[in-house]
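Trainee: Just a sequence and a predicted model for now, questions to come.
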Amino acid sequence: MIKILLKFNGALVKEQSVLTEEVTIGRKPENDLVIDNPAVSGRHCRIFKDPEGYYIEDLNSTNGTFLRGHKVSRSPLHHQDEVAIAKHTVIFFNDEEAVSPASAEPPAPVSSDSTVIIAAPPPAVVGPKAAERVAFLRVLPGDSLKPIPLTQLTTYIGRSAQAHVKLKGLFAPDLAACMAKKADGHHLTALKDKYVKLNGDSLMDNTPVPLKEGDLIDVGSLKLLYFLQEVGAPT
C-alpha cells in the first residue's frame, strides 16, 4: 500500500492513500494533494509511478522541491523519504518496499549420488556491544541552550516554521541549510549560496558535504558545533 503524510511544523495535517499512478501536489484546488500556502506553486510537483518504481518530479515550481535536503527536478522515491515543499513536509510510505525480502540466490542443486558433508559452523565470536552515539548541534558560545539532537532524517535550519533550528532576523532565509542523516553520518547542504560556512569555508548552494565530529558551522550569524555523544551520557 502506498500512502503519503503531509506535515506542517512537525504536526500531521493529512494522511492520504495513493490509489492512482500519479498524485499532483500544489496550491490550486484541482491538485490531488492541496497545500494552501503562498510559497507553494499552483502545480508544484507530482509523485508518479513508472516501471522502475515511484518518482518525485518538480513542475517548474518557484521555490523548488527538496528530497532529503537536495533540490531535485526528478528523483526516485523510496519508503519513508521526506520531501520538503516550502514550509511543509510530505513523507512517502511504500509498504511493499518496506517488507520486501532481500534477494538471495537459490542454492545449487545437489545430485542424489553425491555425499554431502555438512561442517559445523564455527562458534560466533561475540564482542562487547559498541555504545550508540547520537549527533547533536550546540549553539555557540556558551552552554545556556540545550544541545539539539539530530534525530530527524533531515534537519532544516532557517526562519520558517518548518525549520528545526530557527534563525532570527527579518531577512534570514526561510530555509538556509539542512543536514541529511545517511549511513555514513550527516551531510550538510547549503540551501542559500554563500550563507553557510563549514570551518570558515563558504559552501556552494546545494552541494552536500559530509560532517565530522567537532565541525563548526556558521549559518548567517548563528554558530553551531557538530558533535557526537553516547546515548545516556550527559550533554
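Mentor: Okay, I see it.
Trainee: Surely Lys28 touches Val34?
Mentor: Yes: assessed by CB atoms under 8 Å, Lys28 is found in contact with Val34 at 7.3 Å. All C-beta spots, glycine's among them, are computed from the backbone N, C-alpha and C.
Trainee: For the nearest residue in space to Ser73 that is not next to it in sequence, give its distance to Phe8.
Mentor: Spatial nearest neighbour of Ser73, excluding adjacent residues (CB to CB, 6 or more residues apart in numbering): Asp58 at 5.1 Å. As judged by CB to CB, to the nearest Å, Asp58 and Phe8 stand 20 Å apart.
Trainee: Same drill for the two, tell me which one is more crowded.
Mentor: Ranked by neighbour count (other CB atoms under 10 Å), Asp58 and Phe8 place Asp58 first, with 21 against 16.
Trainee: do you know how far the more buried one is from Gly214?
Mentor: As defined by CB to CB, Asp58 lies at a distance of 36 Å from Gly214.
Trainee: Kindly report the same for Lys146.
Mentor: Distance from Lys146 to Gly214, by CB to CB: 19 Å.
Trainee: next one: Lys181
Mentor: Look at Lys181 and Gly214: by CB to CB, they are 18 Å apart.
Trainee: quick one, which of those two is more surrounded?
Mentor: Per other CB under 10 Å, whichever of Lys181 and Gly214 has more neighbours is Lys181, with 16 against 10.
Trainee: which helices and strands does whichever strand or helix holds that one pack with?
Mentor: Using DSSP states H and E, Lys181 falls within strand 177-182. Strand 177-182 sits against strand 154-158, strand 185-190, with contacts defined as 3 or more CB pairs under 8 Å, 6 or more residues apart in numbering; DSSP states H and E.
Trainee: Run through who's touching the helix or strand following the longest one.
Mentor: The C-terminal neighbour of strand 185-190 among helices and strands, as given by DSSP H and E, is strand 196-198. Residues lying outside strand 196-198 but in contact with it, judged by CB atoms under 8 Å, 6 or more residues apart in numbering, are 176-177, 188, 190, 202-203, 209, 211, 215-219.
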